[in-house]
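1. Build me a model:
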Amino acid sequence: QVQLVESGGGLVQAGGSLELSCVASARTFSTYAMGWFRQAPGKEREFVAAVSWNGGNTLYSDSMKGRFTVARDHANTVLLQMNSLRPEDTAIYYCAARHWRPDPTNIISDYTYWGQGTQVTVSS
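-> Sure, this is the predicted structure:
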């Protein structure tokens, strides 16, 4: 069982930046691809970004490309750097892990483990 804990959310003004962190409990975490998803009130959960097991391959949603950066940091941590934030980026951001799968995807059902989420609020 893998436990994922997100942190780093908060309130920021439009144009500002935040860095989210996801820490995993499993020692085998380093072999999993990791993803970030978000869900705004009244909307479906959507893909944000994902990174391969070794950090060498990344995938982004078109609306986040160029503003968000996903990276692996240390053996059990994944980061999401968010720049030029917009009010429409307001959502709960979730970290997810693909069990024993090394490659990133943008498909929710490909991810086995999920964190509890961290709230990001961008004011205009």
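
2. which residues does the spatially most central residue of the chain contact?
-> Computing the C-alpha centroid of the chain and ranking residues by C-alpha atoms, centre = their mean puts W36 first, at 2.3 Å. With contact set as C-beta atoms under 8 Å, 6 or more residues apart in numbering, W36 has these partners: 20, 22, 48-50, 70, 78, 80, 93-96. Backbone N, C-alpha and C define where each C-beta goes, glycine included.

3. Could you list everything it pairs with in the sheet?
-> A49, C95 (DSSP bridges).

4. Now name the helix or strand holding V120.
-> Under DSSP states H and E, the secondary-structure element containing V120 is strand 118-123.

5. what sits up against that strand?
-> 6-14, 16, 18, 20, 38, 82, 85-93.

6. Now which of those residues would you call buried?
-> The neighbour count (16 or more other C-beta atoms under 10 Å) marks 6, 8-9, 12, 18, 20, 38, 82, 85, 89-93 as buried among the contacts of strand 118-123.

7. follow-up on the earlier one: how far does the strand holding V120 sit from its chain's centre?
-> Average the C-alpha atoms of strand 118-123, do the same for its chain, and the two points are 14 Å apart (C-alpha atoms, centre = their mean, to the nearest Å).
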